[in-house]
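S.K.: What would the 3D arrangement of this be:
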Amino acid sequence: MQIDAMAVAKAHATEFKQVFEQIHTEVSKMIVGQTDVVSGVLTALMAGGHILLEGVPGLGKTMLVSTISKAVSLGFSRIQFTPDMMPADIVGTTVLTENANGGHELTFQQGPIVSNLVLADEINRATPKTQSALLEVMQEKQITVGRNTLTMPEPFCVMATQNPVDQEGTYPLPEAQLDRFLFKLVVGYPSEQDYHTIIDRTTSGQQIDIESVSDAETLCRLRQIVRDVPVPEVAKSYAIRLVMATQPSSEYATSKINQFVSLGASPRGIQSLMLAAKVQALLKGRYAVSCDDIRAIALPVLRHRVVCNFQAQAAGITADTLIEDVLANVALQHRS
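M.R.: Here you go, the predicted model:
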């Protein structure tokens with residue numbers, strides 16, 4: 001029986017890696033040079049989490065999300081956030097319509113949030129009132145409008161983008177909403193060689209066709225495989241210590257955390273660490289999480305959950321710097 005269980009686990013890990021790599025290869029036909037970003041977005045999709053992409057305009061964030069929707073054959077909708085947008089523009093509203101008998105009735109018209117992959121473009125341009133419309137759907141995967149409650153189709157994922165440069169006409173995301181994103185990925189500039197490839201692909205007559213290599217049923221099955229990956233006690237304890245180390249005044253907090261952090265990671269942080277680490281293990285052909293898997297994804301999982309105080313901002317210290325300090329000081333093995 002144990003041999004059969006090991007064979008099944010190995011088969012699951014093999015299938016997961018194959019599908020992941022097929023999607024990654026297909027997306028890379030369109031997206032140039034952002035290998036780590038593509039892997040991060042696909043990791044969040046496989047783990048069942050939402051993703052926040054931060055970068056200056058023109059780096060292909062929007063194209064990345066739309067390309068993934070084609071490669072996995074999922075429903076896709078794009079919401080362009082603006083300061084004058086209202087919550088009803090996202091979740092939908094009740095409208096008065098004429099029925100077949102010539103009378104009138106109230107019917108619910110669903111908004112663009114009802115889809116598999118939702119691109120929330122420039123999410124920080126919306127007002128806090130509109131941003132709050134995403135809180136329920138990102139956590140509960142449902143929307144409530146009046147007396148109507150609508151469950152999102154599976155798989156469901158919000159992929160949001162934001163521009164870190166513009167300050168006028170933008171509204172910083174509240175911590176409650178940031179915490180609902182599994183990853184925050186920073187999209188950087190392409191390399192010199194990548195620019196050559198971008199020119200050849202986008203300014204010539206070359207036509208790039210994205211083929212569908214997966215579907216909703218497969219992704220839902222792979223998400224279940226992710227959740228079934230076991231976590232040894234040593235890896236679980238290490239992840240817990242990492243999260244607690246980001247919390248000021250905790251027993252594992254470093255001196256820099258106590259000095260420069262006003263708010264550390266919440267329990268959602270440990271949940272995200274576990275799910276993303278399970279994906280990492282499967283991609284390496286293993287069916288158990290290791291401490292190295294946790295370290296590999298700690299930065300994108302925790303960087304938006306660590307809130308720096310004014311002293312850190314004045315000293316030019318970022319959340320990434322503080323998380324690196326935590327990784328360097330939290331021991332792999334717990335010393336009792």
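S.K.: what stretches of the stretch 201-336 of the chain score poorly on pLDDT?
M.R.: Within the stretch 201-336 of the chain, the segments meeting pLDDT under 70 span 333-336.
S.K.: Try it again at 50.
M.R.: Applying pLDDT under 50 to the stretch 201-336 of the chain flags the ranges 336.
S.K.: can you give me the helices in it?
M.R.: Secondary structure of the stretch 201-336 of the chain, counting by DSSP state H, counting those that start in this stretch: helices at 216-228, 233-245, 255-260, 267-283, 291-302, 310-315, 319-329.
S.K.: Quick one: closest of the ones you listed to residue 165.
M.R.: Ranking the helices of the stretch 201-336 of the chain by their distance to residue 165 (criterion: CB to CB) puts helix 310-315 first, at 16.5 Å. Bear in mind the C-beta positions are built from the backbone N, C-alpha and C, glycine included.
S.K.: Could you name the helices and strands sitting against that closest one?
M.R.: Contact partners of helix 310-315 among helices and strands, from 3 or more CB pairs under 8 Å, 6 or more residues apart in numbering; DSSP states H and E: helix 255-260.
S.K.: In TSV: the helices of the stretch 201-336 of the chain, plus mean neighbour count and distance to residue 197.
M.R.: Compiled in TSV, the helices of the stretch 201-336 of the chain are given as follows (neighbours: other CB atoms under 10 Å; distance: least, CB to CB, whole Å):
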stretch	mean neighbour count	distance to residue 197
helix 216-228	16	29
helix 233-245	19	37
helix 255-260	16	40
helix 267-283	23	25
helix 291-302	22	25
helix 310-315	12	37
helix 319-329	17	28
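S.K.: OK, contacts around the closest residue to residue 179 other than its chain neighbours?
M.R.: Nearest residue to residue 179, sequence neighbours excluded (CB to CB, 6 or more residues apart in numbering): residue 268, at 5.1 Å. Neighbour list for residue 268: 179-180, 305 [criterion: CB atoms under 8 Å, 6 or more residues apart in numbering].
S.K.: Nearest to residue 161, out of the helices of the stretch 201-336 of the chain?
M.R.: Nearest of the helices of the stretch 201-336 of the chain to residue 161, taken as CB to CB: helix 291-302 at 15.0 Å.
S.K.: Also compute the angle for that closest one relative to helix 233-245, please.
M.R.: 30 degrees (axes from the mean of the first three to the mean of the last three CA atoms, to 10 degrees).
S.K.: what sits up against helix 291-302?
M.R.: Where contact means CB under 8 Å, 6+ apart, the residues beyond helix 291-302 that reach it are 40, 43, 182-185, 234-235, 238-239, 242-243, 246, 265, 269, 272-273, 276-278, 280-281, 284, 319-320, 323-324, 326-327, 332.
S.K.: Name the nearest residue to residue 144, ignoring sequence neighbours.
M.R.: On the basis of CB to CB, 6+ apart, the spatially nearest residue to residue 144 that is not a chain neighbour turns out to be residue 136, at 6.4 Å.
S.K.: and the next element down the chain from the helix or strand where that neighbour lies?
M.R.: Following DSSP states H and E, the helix or strand that holds residue 136 is helix 133-140. Read in the C-terminal direction, the helix or strand following helix 133-140 is strand 142-145, with elements assigned using DSSP H and E.
S.K.: That following strand - contacts with which helices or strands?
M.R.: For strand 142-145, the packing partners by 3+ CB pairs under 8 Å, 6+ apart come out as helix 88-91, strand 92-98, helix 133-140, strand 148-151.
S.K.: Distance to residue 216 added to the ones you listed, as TSV?
M.R.: Converted to TSV, those look like this (distance: least, CB to CB, whole Å):
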stretch	distance to residue 216
helix 88-91	22
strand 92-98	22
helix 133-140	18
strand 148-151	14
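S.K.: for the chain, longest helix please?
M.R.: Counting residues, the longest helix in the chain under DSSP state H turns out to be helix 2-27.
S.K.: Determine the angle, from 0 to 180 degrees, between it and helix 216-228.
M.R.: In this structure, helix 2-27 runs at an angle of 130 degrees to helix 216-228, with the same axes, to 10 degrees as the basis.
S.K.: buried stuff in the helix holding residue 136?
M.R.: Buried positions in helix 133-140, judged by neighbour count with 16 or more other CB atoms under 10 Å: 133-134, 137-138.
S.K.: by how many degrees do it and helix 267-283 diverge?
M.R.: Counting by the same axes, to 10 degrees, helix 133-140 points 60 degrees away from the direction of helix 267-283.
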